[in-house]
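Visitor: what would the 3D arrangement of this be:
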Amino acid sequence: MIDVNNHKIIPFERNRYFYGKLLTVRDFEIEQRYFNDKRRLMNRILMGPGILAGLNVLAVDDKTILIEPGVALDYLGREMVSDAPFTSRLSVIDGFGKLPDYGDAYLNITYFEEPKEAVHNISQSDNEYNRVFEGYKLSLEADAPSVEHSLLDLIGLKQFTLMDNKHIRICLKLDHVANAEEGFNAYLSVYKKLEADPVKINISLTSEYINYGQPMVLAFDESILRRDATYQLSWHFDVSRVEPQDDLIQLSGFSLLSESLKVDYLDISLKHPVQISSLSKIEQIEHKYRALSLDELMAASANDYICLAKLKVLKTEHTYVIESVVNDPLNQLLGNFQLSKIRKLEAFQKSRNIENTPNLPTEDKPEIVSKTGIPDMSTSTGKFTFLFEDKVENKEKFFSEEIEHGLGMGDVFIQVAIDSETSDGDAAFGYQNQMVFGDYEIFEKSNYEPVVPVVKSAVINYKNKGTFILGIQFHESYARSELLIKWSATKINKHYEPMIDSKNQLTIVPAMSKVKIRSKISYNVFKDGEPVPCKWHVKESDGGEIDANGVYMSPSVEGVYEIIAEVADYHETLSAFVVVENEEA
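Guide: The predicted structure follows:
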C-alpha cells in the first residue's frame, strides 16, 4: 500500500515498456506514483498550501453550515476538490465534542482517500477494492492551526507562542529581516478563549542594534480598547544608521496581569536572529528563499490541514448556536497566474494608486489607513454624519460619540472639514461639492463664499485610548436633517527620544556609563532626537573595542576609558566615559 502521507520526494522513476514485458501491481503503482508525485511537487513549489478557489463557508441557519464548491492544496501538494455544495450540521463534524462551551471553532479541511467498489479477487478468496476515492475530511479545533515550520515562518515572520492555556493564547511574530528605510516590525496576537477580565501585557525585547540598542517594549492594555476576543497589534522599531550585519533579539521581560491571572515570568528561551541589510525586505526574503535547500523547502510544512473558516459557537447542554462565520481567517487564499495578469493591467494599477485600501462599512471608523511618503508618518481618514430630528437653531452644539482613528495611542493630529455632500454622496447644497476647513468667516461676503452652513468645529483627542470626539456649533439656523463631517488624522511615530540638552545640537548617549568587564553597551550620537552618522574609536589602546555601529566591548582590565565619536557632517568630536568594573565589584 502506498503511503499517502510521505513527506519526502520519491525518486522519479517511470516504467519502460517493451513487447513481452510481464506487468505486475508494482508496475502500475509506479506508473500512478510517477505522475502524481511530479504534479504534487509542482503544486508545492509553485503554489504552496492554501485555498485556490471557492470553499467559502456560509451559515445556513444557527446550527448548519454550507461549504461552496472549490479547490485547495495541502502541505504535500495534494488537491482537495469539492465539486458540489456540501451542507452539514456542525455537531456531526469531527472535534465538535471537544469545543469549549463558548468560543472560536476553526473549521479545517484535510486530504483523505479511501478504497471503494469492492470486487472479487480471482487469486484469493477475499474481495478487493477496484478504485481509490480521493476526497477530504472536515474537522473542528478550538485553537488556530500553527504556522510553525511553514515557509513564512522560515524566511518571513518567525512566530513564537508565548502562552497558550484555557484562558488566553499569545503569539509573537518577528521580522526575519530589516533595513534602514523599512525598519523592524514586531506583531502580537492575543486570543481570549473565555470571557474574562481585561488583561495588561508587557513584553520587553533586547538587541544590540535595533532601536539604537534600547529595549523594545510591546505594551497591551485591554481596558482602554474596545472589548473583543481577538487583538492584532504591531510595533515598528528603527534601524537607521545601522550598517548591514546580523543581530540577535532576545526576550528580556514578560508580564501579564488581570484580576484573576498574574504572570511575571516565561520559562522559554527566545533567541531570534535578524539580518540587517541595505536591500529591501522583499529582496532579502527572496535571497533567503534562494538559499533554502530542496530538503528544507520540502520540510517547510505545518499541519496537514487547511483552515477554511473561524466560527463563533455557543454550546449549551442540549443545543448549540453558530453566532458568526469568518472565512479564510489565516489568509491562506492562494494567488494564481490569471489573477496576477489582471493585477498587472494598467487600468487596475492606476486605480490602486488612487485608493489602495477599501472603505470600512461603518462611518465612525477610518476609511483609509496608509503610509505617506514621509518616513515614520501614518495617516487615516474617515467621516461622521450628524443627524438632526428638528430644525437646528443658532448657537446649538452637537457632539459625536467616541471615534477610533485607527492610529493607536499617542500624539495624533486631527483635522476636520464641513462637507457639502450627504451621507449618500449626493450634493446637499446645489451643484457645488465643497469641503470647508478652518474659519468660515474668512470667505464671507466674497466671491468664494461657501455653500455649507456656518459651523465651527473642534476635536478632543484621547491619547491613551486611540479615539477622539467631534464637536460642532451652528452660527445660523439649519433646516436639513444631516451634516457630513470628514476628518483626517496624522501620527508621527516616535520610537525613541533620548534625553538631549536643548542647548546642544549634538549629544552622545550615554555620556557616562558603568559596565562589567567583557560586556557590551551601545552608543549613539543624536541631533534634535535623530541619530547622526559618525566614526567611533576608544582613546586608550587597551580600553576595549567599538564597532562601526557604536557597540562597545569592554576590556578585561578595570578602569575608566574614553569613547570618542567623530561627526564629520558637523566637524565636531564628542566624548563619553565608561567605568569598567570587575564582576565581583
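Visitor: every contact and neighbour count from this point should use C-alpha atoms.
Guide: OK.
Visitor: verify the stated contact: Val199 with Glu222.
Guide: Yes - the pair Val199 / Glu222 is scored as a contact, 5.5 Å apart, by CA atoms under 8 Å.
Visitor: now for the residue minimising distance to the centre of the chain: which residues touch it?
Guide: In the chain, the residue lying closest to the centroid (CA atoms, centre = their mean) is Tyr187, at 5.8 Å. Residues in contact with Tyr187 (CA atoms under 8 Å, 6 or more residues apart in numbering) are 172-174, 232-235.
Visitor: cool, and Asp61?
Guide: By CA under 8 Å, 6+ apart, Asp61 lies in contact with Ile322.
Visitor: one step back: would you tell me what helix or strand the residue nearest to the centre of the chain is located in?
Guide: strand 184-192 (DSSP states H and E).
Visitor: confirm Ile45 sits in a helix?
Guide: Yes - remark: Ile45 belongs to a helix, assigned using DSSP: H, G, I helix; E, B strand; the rest coil.
Visitor: pLDDT wise, what is it at?
Guide: Listed pLDDT for Ile45 reads 79.
Visitor: and it, how far from Pro531?
Guide: Applying CA to CA, to the nearest Å, the value for Ile45 to Pro531 is 43 Å.
Visitor: higher neighbour count, the two?
Guide: It is Pro531, of Ile45 and Pro531, that has more neighbours when counted by other CA atoms under 10 Å, with 20 against 14.
Visitor: which residue sits closest to that one, ignoring its sequence neighbours?
Guide: Of all residues not flanking Pro531 in the chain, Val525 sits nearest, at 5.8 Å (CA to CA, 6 or more residues apart in numbering).
Visitor: go on, Asn43?
Guide: Nearest residue to Asn43 in three dimensions, chain neighbours excluded: Gly77, at 4.9 Å (CA to CA, 6+ apart).
Visitor: is it true that the one you found touches Leu41?
Guide: Yes - applying CA under 8 Å, one finds Gly77 in contact with Leu41, separated by 6.4 Å.
Visitor: so what's Ala511 up against?
Guide: When contacts are counted by CA under 8 Å, 6+ apart, Ala511 touches 575-577.
Visitor: mind putting those in JSON lines, neighbour count included?
Guide: As requested, the contacts of Ala511 are arranged in JSON lines below (neighbours: other CA atoms under 10 Å):
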{"residue": "Ser575", "neighbour count": "18"}
{"residue": "Ala576", "neighbour count": "18"}
{"residue": "Phe577", "neighbour count": "16"}
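Visitor: inside strands: which ones of these?
Guide: 575-577 (DSSP state E).
Visitor: how about the helices of the stretch 1-150 of the chain, start to end?
Guide: For the stretch 1-150 of the chain, the helices defined by DSSP state H, counting those that start in this stretch occupy 25-42.
Visitor: low pLDDT regions in it?
Guide: Applying pLDDT under 70 to the stretch 1-150 of the chain picks out residues 1-11, 147-149.
Visitor: show me the domain layout of this structure.
Guide: 48-143+303-354, 151-302, 363-492, 506-581 (automatic domain parsing).
Visitor: CSV please, covering those domains and showing distance to Glu13.
Guide: Shown next, in CSV, are the domains of the chain (distance: least, CA to CA, whole Å):
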stretch, distance to Glu13
domain 48-143+303-354, 19
domain 151-302, 19
domain 363-492, 52
domain 506-581, 54
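Visitor: for Arg14, find the nearest of those domains.
Guide: For Arg14, the closest of the domains of the chain is domain 48-143+303-354, at 20.1 Å, according to CA to CA.
Visitor: direction included, what does the lengthiest strand in the chain pair against?
Guide: For the chain, the strand with the greatest residue count under DSSP E is strand 102-120. Under the criterion DSSP bridges, strand 102-120 sits next to strand 127-141 (antiparallel), strand 305-315 (antiparallel) in its sheet.
Visitor: quick one, which of the ones you listed is nearest to Asp542?
Guide: Taking CA to CA, strand 305-315 is the member of the strands paired with strand 102-120 nearest to Asp542, at 59.3 Å.
Visitor: show me what counts as buried in the closest one.
Guide: By 16 or more other CA atoms under 10 Å, the buried positions in strand 305-315 come out as 305-311, 313-315.
Visitor: stretch 438-451 too?
Guide: Across stretch 438-451, burial judged by 16+ other CA under 10 Å covers 440, 450-451.
Visitor: please apply the same query to stretch 467-483.
Guide: The neighbour-count check on stretch 467-483 (16+ other CA under 10 Å) flags 467-468, 470, 472-475, 478, 482-483 as buried.
Visitor: of the residues you listed, which pair is most distant in space?
Guide: The span of the buried residues of stretch 467-483, defined through CA to CA, is set by Thr467 and Tyr478 at 28.3 Å.
Visitor: pipe the buried residues of strand 305-315 into CSV and attach pLDDT and distance to Ser420 per row.
Guide: Output for those, formatted as CSV (pLDDT from 0 to 100; distance: CA to CA, whole Å):
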residue, pLDDT, distance to Ser420
Tyr305, 78, 52
Ile306, 84, 48
Cys307, 86, 46
Leu308, 88, 44
Ala309, 88, 42
Lys310, 87, 41
Leu311, 86, 42
Val313, 84, 44
Leu314, 83, 46
Lys315, 79, 50
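Visitor: now, among those residues, which is nearest to Ile155?
Guide: Proximity to Ile155 was ranked across the buried residues of strand 305-315 by CA to CA; first place goes to Ile306, at 20.3 Å.
Visitor: where does the prediction get shaky in the stretch 301-450 of the chain?
Guide: The model of the stretch 301-450 of the chain has pLDDT under 70 over residues 301-304, 335-377, 422-433.
Visitor: which parts of it are strands?
Guide: Secondary structure of the stretch 301-450 of the chain (DSSP state E, counting those that start in this stretch): strands located at 305-315, 320-327, 368-371, 377-387, 397-399, 403-404, 412-419, 435-436.
Visitor: deepest of the ones you listed, which one?
Guide: For these, the largest average neighbour count (mean count of other CA atoms under 10 Å) is found in strand 305-315, namely a mean of 22.
Visitor: compute the inter-axis angle for it and strand 320-327.
Guide: Counting by axes from the mean of the first three to the mean of the last three CA atoms, to 10 degrees, strand 305-315 lies at 140 degrees to strand 320-327.
Visitor: what's strand 305-315 in contact with?
Guide: Contacts with strand 305-315, where a contact means CA under 8 Å, 6+ apart, come from 49-51, 55-57, 72-75, 100-111, 145, 320-330, 332.
Visitor: run the chain-centre distance for that strand.
Guide: Remark: strand 305-315 is offset 20 Å from the chain centroid, using CA atoms, centre = their mean, to the nearest Å.
Visitor: can I get the CA coordinates of that strand in CSV?
Guide: The C-alpha atoms that make up strand 305-315 are tabulated as CSV, following Å, rounded to 0.1, in the frame of the first residue of the first chain:
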residue,chain,number,x,y,z
TYR,A,305,-5.0,20.6,7.1
ILE,A,306,-6.1,24.0,5.7
CYS,A,307,-8.3,26.3,7.7
LEU,A,308,-11.4,27.3,5.9
ALA,A,309,-13.2,29.4,8.4
LYS,A,310,-13.4,30.6,12.0
LEU,A,311,-16.8,30.2,13.7
LYS,A,312,-18.0,31.6,16.9
VAL,A,313,-20.0,28.8,18.7
LEU,A,314,-22.2,28.9,21.8
LYS,A,315,-22.9,25.4,23.3
